[in-house]
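S.K.: Okay, here's the prediction I keep looking at, along with the sequence it came from:
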Amino acid sequence: MSSDRYPFSEIEAKWQHAWESRKQFRAIEDPTRPKFYCLEMFPYPSGRIHMGHVRVYAIGDLLARYKWMRGFNVLHPMGWDAFGMPAENAAIEHGVHPAVWTYENIDNMRAQLRKMGISYDWDREVTTCDPAYYKWEQLIFIKMLERGLAYRKRSTVNWCPSCQTVLANEQVEAGRCWRCDSEVTKRDIDGWFFKITDYAEELLAWCDRLPGWPERVMTMQRNWIGKSEGAEFDLPVAGRPELKLRIFTTRPDTAFGMTYAVLAPEHPLVDALVTEPPERAVVERFRAEVARQSEVERTADDRPKRGLRLRAEVVNPFTNVAIPLFIADYVLMTYGTGAIMAVPGEDQRDWDFARQHELPIIETVRRPAGWTGEAYTGDGVKINSGFLDGLAIPEAKRAAIDWLVQQGLGTAKVNYRLRDWGISRQRYWGAPIPVVYCSVDGMVPEKEENLPVVLPEDVQLSGKGGSPLAEVASFVHTTCPKCGGKARRETDTMDTFVESSWYFLRYCSPHHERGMFERQAADYWMPVDQYIGGIEHAVLHLLYARFYTKVLRDLGLVKVDEPFQALLSQGMVIKDGAKMSKSKGNVVDPDDLIRTFGADTARLFSLFAAPPEKDLDWNDHGVEGASRFLNRVWRFVITHAEEVRGAPAGASTTSTPDSQAFRRTIHETIARVTDDIERDFHFNTAISAVMELVNALYAFETTSRDRLAAPERAALLREAVETILLLLGPFSPHVTEELWEQLGHGESLFKHAWPSADPAALTRREVTLVLQVDGKVRSRLMLDVDADEARVQGLALADDKVRPWLQGRQVERVVVVPNRLVNIVTRS
Ligand SMILES: [Zn+2]
Ligand SMILES: [Zn+2]
């Protein structure tokens, strides 16, 4: 390694220690100052930080330090999302207790984070597997239970055979477990749910009221909530009008084109309709085949739909015609009513199915001229639709619903794709669900004074199905809080997404013992002003946290409606075109990087290599470039420290065009960097601007030698160097803090105000003079302010656009109004 590198190891250790011992970044509520709550998504303590962590924490730290310098009271905390399956899997594989494994990992990662020199207020560290933490979500669970927002039911769930646990819909990605990538299967199981569907409308409405969130994330949330407006109505079974099939449709206007209807294979009406043993057998076989597919497979656009025609038929109430009835895999019991009317003319999926089964297709919307497609979903006028004919689609929808209501057949209806949040996990390493089952009283919530229900430590983890807590007799056997008799504890634990749904509130008063958080502190700090984390949480964590915050608000605990004012979703760190992973062998270890180049270089590179929302393609040359740049800054400041220290502080005087231009560059850089950070997180272009200023500084240092008076030169060097350190501070805090000290400053760089661009320096010292000939404007001339009159006259007379007007005439006199105009008076 080259020896001319600045001594980053010493410097970084020195300042990490100094910031820590001064508690420089401790956040204290102060209502007289504007607050800024800067938060990066807390990590799962896997044991090692990776480059993705370096990137997100460098972004958060940049914003936190920048806001400190802008005079904000900053809260920038860090903690650990400490429950979860890897700890349990490690325990099963290596026989180490999940608690031991987790706390050791936390110690390792905390040490690594400290080496990055992030401005965390470590006094506020929160660890979610601490009973002092999860106690409060057990309390909230009980309050949610009282309000019907938590409930237990038997349901068909997504089951990961490898993780041996239930997964929420949000945790199934393309039919696979979000964590281990195993194929997800179905199971009927009793479990606990949070009623997030009660908040569907509000969660959706607020998607339009959070301009600080990326549109992409809001779109994903809107789609996940999946609101659709339409109608619900009954189709009587032909010949058995006492049996009715309830269907939901977003297009009631197309009902005249309904040529068949479809039930989900699991629909309970199927059992009432299919009574003959031979048909039953066929139906059962079909059901079994469908049960082997995931919801994603069943509803995928690109695969053939499988259906089975039943003997029974239903009646289209709009036409009074009996139509075929099918069960088919593409209709889900979990959406709408589990049954649909099929309108192949205006629905592509129905069109495909109708062609496959040779069913009639009726067009109910007039196609545009030249239409050659299949199903038509565009605008148009209704046709073949009885009393709806001639109407446009929106009016026809309304008229169809009015008719259904008048006939007593149905109603307008809003449907959501969002399902309640299944929070039961059959795993050990999670927060116990605080209820017991008593043979007398049934399910009884634990008493508040008995909380927390502590997770027992003496547990055998085999990984062989079922909840490990069920095997811990001392945990399971308890007394009923109501009657005092024998009772059994619930042995499911809560989804770890419950812990991450409120940790940002706990940070506001992490040591508060009498409640989840201190009201005043939460009212002061919340909402989080800037949240930073990966796009992979677009629906999972971010939707749950929004929901949970609204629940806490409705319980009277917090006043905010939304937890996160603004969100920055950073891209991934990739190398050689792939996400860094052990299996691909393309991992860059942050520790190696910090050892070789220092944390400041690692941070600078990760901020410079790509705009934060884009993927960052790792590049060793880029790291070396960042290192060279910091060394270049270091060399300049150290070489000129004495000269700079001797110069007066404050605005520099500029006596020559060169010094004016240099000072303008300094202040243009301030304006650019500030704008890049504030406006759209363009950290990479901000760094480019500082690099250009450093180049200009080197150039000015050379050209000003011997040409500029020493005090003026030193003052300009000082203004430039200090500006560079201040602008670069939030990106690479250690080296800038050290150089700041070397320049003789007694107080931390990060207590200094962020520089502001001097408008006087930014204005170009030039004016435009109007050139007239005999009182008529003939041209314009750009000149230095207060230019010498003889020079102005000479330039005016020589001007290309003026000269033709002087041809054949004599100049009588030239009138110069300084900084405004020149009038040339002539005679023939
Ligand atoms: Zn899994
Ligand atoms: Zn009881």
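M.R.: Ah, there it is. Ligands and ions are numbered 1, 2, ... in the order given.
S.K.: I'd guess residue 377 is in a helix, am I close?
M.R.: No: looking at residue 377 with DSSP: H, G, I helix; E, B strand; the rest coil, it is coil, so not inside a helix.
S.K.: who touches the closest residue to residue 515 other than its chain neighbours in this structure?
M.R.: Spatial nearest neighbour of residue 515, chain neighbours left out: residue 136 (7.1 Å); criterion: Cβ to Cβ, 6 or more residues apart in numbering. Placement of C-beta: from N, CA and C, glycine included. Contacts for residue 136 were tallied using Cβ atoms under 8 Å, 6 or more residues apart in numbering; they are 502, 506, 515, 516, 517.
S.K.: do residue 533 as well
M.R.: Residue 533 makes contacts with 40, 41, 56, 541, 567, 568, 569, 570, as judged by Cβ under 8 Å, 6+ apart.
S.K.: what do you get if the cut-off is 10 Å, keeping everything else the same?
M.R.: Listed by Cβ atoms under 10 Å, 6 or more residues apart in numbering, the contact set of residue 533 reads 39-42, 56, 59-60, 541-542, 564, 567-570.
S.K.: Next, it: phi, psi?
M.R.: In terms of degrees, to the nearest 10, the main-chain angles of residue 533 are phi -180, psi 180.
S.K.: Kindly state the beta-bridge partners for it.
M.R.: residue 569 (DSSP bridges).
S.K.: now the residue in the stretch 501-650 of the chain that ligand 2 sits nearest to, nearest residue through space, not along the chain?
M.R.: Across the stretch 501-650 of the chain, no residue is closer to ligand 2 than residue 555, which sits at 26.2 Å (Cβ to the ion). Excluding its sequence neighbours, the residue lying closest to residue 555 (Cβ to Cβ, 6+ apart) is residue 143, at 5.7 Å.
S.K.: Next one: the one you found, what pLDDT does it get?
M.R.: With respect to pLDDT, residue 143 has a value of 98.
S.K.: what helix or strand does it sit in?
M.R.: helix 131-146 (DSSP states H and E).
S.K.: In CSV, could you pull the C-alpha coordinates for that helix?
M.R.: The C-alpha coordinates for helix 131-146 follow below in CSV (Å, rounded to 0.1, in the frame of the first residue of the first chain):
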residue,chain,number,x,y,z
PRO,A,131,-38.6,-8.2,27.3
ALA,A,132,-38.6,-4.5,28.3
TYR,A,133,-39.3,-3.9,24.6
TYR,A,134,-41.8,-6.5,23.7
LYS,A,135,-43.7,-6.1,26.9
TRP,A,136,-45.3,-3.1,25.3
GLU,A,137,-46.4,-4.8,22.1
GLN,A,138,-48.0,-7.5,24.3
LEU,A,139,-49.9,-4.8,26.0
ILE,A,140,-51.0,-3.3,22.7
PHE,A,141,-52.0,-6.8,21.5
ILE,A,142,-54.4,-7.0,24.5
LYS,A,143,-55.8,-3.6,23.7
MET,A,144,-56.3,-4.6,20.1
LEU,A,145,-57.9,-7.8,21.2
GLU,A,146,-60.4,-5.8,23.3
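S.K.: What residues of that helix count as buried?
M.R.: By neighbour count with 16 or more other Cβ atoms under 10 Å, helix 131-146 contains the buried residues 133-145.
S.K.: Around ligand 1, pick out the residues from the stretch 101-250 of the chain.
M.R.: Listed as neighbours of ligand 1 in the stretch 101-250 of the chain under the rule Cβ under 5 Å from the ion: 160, 162, 163, 177, 179, 180, 182.
S.K.: Kindly recompute the last result at 8 Å.
M.R.: Residues of the stretch 101-250 of the chain lying close to ligand 1 by Cβ under 8 Å from the ion are 160-163, 165, 167, 177-182, 184.
S.K.: And the buried ones among those residues, selectable in ChimeraX?
M.R.: Entered in ChimeraX, the line below selects the buried ones among these, by 16+ other Cβ under 10 Å:
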select :160,163,165,167,177,178,179,184
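S.K.: got the residues of the stretch 101-250 of the chain next to ligand 1 as CSV, with pLDDT columns?
M.R.: Shown next, in CSV, are these (pLDDT from 0 to 100):
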residue, pLDDT
160, 87
161, 87
162, 85
163, 80
165, 79
167, 81
177, 86
178, 81
179, 78
180, 85
181, 88
182, 89
184, 86
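S.K.: hang on, the earlier thing: OK, contacts around the residue nearest to residue 555?
M.R.: With Cβ under 10 Å, 6+ apart, residue 143 has these contacts: 149, 150, 445, 448, 551, 552, 554, 555, 557.
S.K.: So which of the residues of the stretch 101-250 of the chain next to ligand 1 are in strands?
M.R.: Counting by DSSP state E, the part of these found in strands is 160, 165, 167, 177.
S.K.: so who does the spatially most central residue of the chain touch?
M.R.: Centroid check for the chain by Cα atoms, centre = their mean gives residue 569 as the closest residue, at 4.2 Å. Applying Cβ under 10 Å, 6+ apart to residue 569 gives the contacts 56, 213-214, 216-217, 531-538, 542, 612-613.
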